[in-house]
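[1] Quick one: sequence and predicted model below, then my questions.
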Amino acid sequence: MNVSEDLISKFIFLWAVIDPIGTLPVFISATAEQTPHERRRIALIATLSAAAILVFFIVAGEIVLLAMGVPLAAFRIAGGIVLFLFALTMVFGESKPESETKMLRSLHDIAVYPLATPSIASPGAMMAVVLLTENQAHTILDQLTTTAVMLVVLVITCVFMLFAGAIARVIGTGGASIVSRVMGLILASVAATSVLEGAKEYFTQ
């Protein structure tokens, strides 16, 4: 796989787990009573908070696993299973916008919850960044590239939130749900690959 194909693959993977379009209905519902200035501030805080969470998992996720004595192959299998289950909820269950919008009834700090997490920095995204930056399988340059691609997706997510009103008028809630389900299907195939690779690595050690 050449550099451009690798970047595209990482971008699609991270786009699927972060799901910028799926965050739009949550953001719109959460900020319905806010002024335009407050909406911009919430979008920025949510993006920065999500970036901090995911960077933490990139830097410390594998270290924590090794300290606990968890083989990375086992984490790859477990992470793939969790990602697959997460993808199934996107495809067959309630779509991301529908399920996360329901969380808004008892929220105080909507920028952090549910926008930063679990909407943007979802459990699937946390596991994905750990798997994509595994020290034994990826060089420092690869890990920095993954981090950069992740930040690009987060910037796009922030831009989508800043222009949420206009985008929502174009695609509607139904459109966001369809995109979320398509991303779930892509994520399911990636998760299945992760499980197969983890099993192969585990049983050949």
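    Happy to help now that I have it. Numbers count the residues shown, from 1 in each chain.
[2] pLDDT weak spots in the chain?
    1, 93-108, 173 (pLDDT under 70).
[3] residues touching the spatially most central residue of it, list them.
    Nearest to the mean C-alpha position of the chain, counting by C-alpha atoms, centre = their mean, stands I18 at 2.5 Å. Counting by C-beta atoms under 8 Å, 6 or more residues apart in numbering, I18 touches 50, 120-122, 125, 150, 153-154, 157. All C-beta atoms are positioned from the backbone trio N, CA, C, and that covers glycine.
[4] ditto for P71
    Counted by C-beta under 8 Å, 6+ apart, P71 has contacts 202, 205.
[5] any idea how far G184 is from it?
    28 Å (C-beta to C-beta, to the nearest Å).
[6] gap between the residue nearest to the centre of the chain and L54?
    8 Å.
[7] and for the two, which residues touch both?
    In contact with both I18 and L54: 121, 125, 150, 154, using C-beta under 8 Å, 6+ apart.
[8] Please convert the buried members of those into PyMOL selection syntax.
    With 16 or more other C-beta atoms under 10 Å as the burial test, the buried ones among the shared contacts of I18 and L54 are selected in PyMOL as follows:
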select buried, resi 121+125+150+154
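[9] Out of the shared contacts of I18 and L54, which is nearest to R39?
    L154 (17.3 Å; C-beta to C-beta).
[10] wait, what's in contact with that closest one?
    18, 47, 50-51, 54, 120 are the contacts of L154 under C-beta under 8 Å, 6+ apart.
[11] let's see it at 6 Å
    By C-beta atoms under 6 Å, 6 or more residues apart in numbering, L154 lies in contact with 47, 51.
[12] mind checking which helix or strand it is in?
    Per DSSP states H and E, L154 falls inside helix 140-162.
[13] For that helix, what is the distance to the chain centroid?
    11 Å (C-alpha atoms, centre = their mean, to the nearest Å).
[14] Buried residues in that helix, which are they?
    143, 145-147, 149-150, 153-154, 156-158, 160-162.
[15] so who does S49 touch?
    112, 116.
[16] mind starting the numbering at 2 from now?
    Happy to do that; since the first residue is 2 now, the last one works out to S50.
[17] what's the distance between it and G166?
    On the measure of C-beta to C-beta, S50 and G166 end up 22 Å apart.
[18] The protein: helices as residue ranges?
    Remark: helices assigned in the chain by DSSP state H are 4-19, 21-31, 37-68, 73-92, 97-102, 124-133, 141-163, 165-204.
[19] Make CSV from the ones you listed and add distance to P115 to it.
    Output for those, formatted as CSV (distance: least, C-beta to C-beta, whole Å):
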stretch, distance to P115
helix 4-19, 14
helix 21-31, 6
helix 37-68, 9
helix 73-92, 15
helix 97-102, 5
helix 124-133, 12
helix 141-163, 13
helix 165-204, 15
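[20] Which one of the ones you listed lies nearest to L116?
    The nearest among the helices of the chain, by C-beta to C-beta, is helix 37-68 at 3.8 Å.
[21] That closest one versus helix 21-31: what angle between them?
    With axes from the mean of the first three to the mean of the last three C-alpha atoms, to 10 degrees applied, the angle from helix 37-68 to helix 21-31 works out at 130 degrees.
[22] Please consider this matter closed, and thank you.
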